[in-house]
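Student: Okay, structure incoming, though there's no sequence with it:
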Ligand SMILES: C[S@@+](CC[C@H](N)C(=O)[O-])C[C@H]1O[C@@H](n2cnc3c(N)ncnc32)[C@H](O)[C@@H]1O
């Protein structure tokens, strides 16, 4: 959770912004985005089991209405409304996502990736020791979409 909160902090999530977690797992990033940063959460998750788990977790927190989780493939979902995109995938998945991120995201949107860089992009910031010293160090790569659209 320390890493999740650090990712959102480094992304400078502001109240009311929309955070997309691509591959949203059990929903922890989205729940933290709403509870700690007053954002809105959108998740995309391939696993039906994890979609159900995240919905249960969202319900336990009383956050229905503030978070939506789509059961689907992140490569096929409209992400153009994202102010911040978070991801904890692998390099190959980041490679596949990169053209979509470049095409879809608005200028100034932030992309934050846990442990794996987006190859070919220059990070605005890298934290190589996230996690508060507990367990292995985690890396967080922060990117900002250029102001000039491509
Ligand atoms: C390492 S987990 C990260 C979960 C969450 N983002 C977090 O940080 O706690 C990666 C998640 O991505 C999901 N995933 C992988 N490929 C995906 C795809 N193409 N579309 C949607 N979800 C995907 C997996 O099912 C898994 O739940």
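Tutor: Looks like it came in fine. This structure is a prediction, so every number in the text was calculated from the model and none was measured.
Student: What is the end-to-end distance of stretch 77-93?
Tutor: Distance between the boundary residues of stretch 77-93 (CA to CA, to the nearest Å) amounts to 15 Å.
Student: buried residues in it?
Tutor: Buried positions in stretch 77-93, judged by neighbour count with 16 or more other CB atoms under 10 Å: 79, 82, 83, 84, 85, 86, 87, 88, 89, 93. Glycine gets a C-beta too; all of them are placed from N, C-alpha and C.
Student: Show me those that map onto helices.
Tutor: residue 93 (DSSP state H).
Student: Residue 32 belongs to a helix, doesn't it?
Tutor: Yes - judged by DSSP: H, G, I helix; E, B strand; the rest coil, residue 32 forms part of a helix.
Student: close enough to count as contact, it and residue 2?
Tutor: No - applying CB atoms under 8 Å, one finds residue 32 not in contact with residue 2, separated by 10.4 Å.
Student: Which of the two has more residues huddled nearby?
Tutor: residue 32 (22 against 13; other CB atoms under 10 Å).
Student: ok, now which ones touch that one?
Tutor: 1, 4, 5, 8 (CB atoms under 8 Å, 6 or more residues apart in numbering).
Student: what two of the buried residues of stretch 77-93 are the furthest from one another?
Tutor: Spatial extent of the buried residues of stretch 77-93 (CB to CB) is set by the pair 83 and 93 at 21.3 Å.
Student: C-terminal to the lowest-mean-pLDDT helix or strand in the chain, which secondary structure element comes first?
Tutor: Among the helices and strands of the chain, strand 125-130 carries the lowest confidence by mean pLDDT, DSSP states H and E, at a mean of 90. Per DSSP states H and E, the first helix or strand lying C-terminal to strand 125-130 is strand 138-144.
Student: Of all residues in the chain, which one is closest to the ligand?
Tutor: Going by CB to the nearest ligand atom, the ligand is nearest to residue 23 of the chain, at 2.2 Å.
Student: Now that residue: closest residue in space, sequence neighbours ignored.
Tutor: residue 89 (5.5 Å; CB to CB, 6 or more residues apart in numbering).
Student: The one you found and residue 46, how far apart?
Tutor: 11 Å (CB to CB, to the nearest Å).
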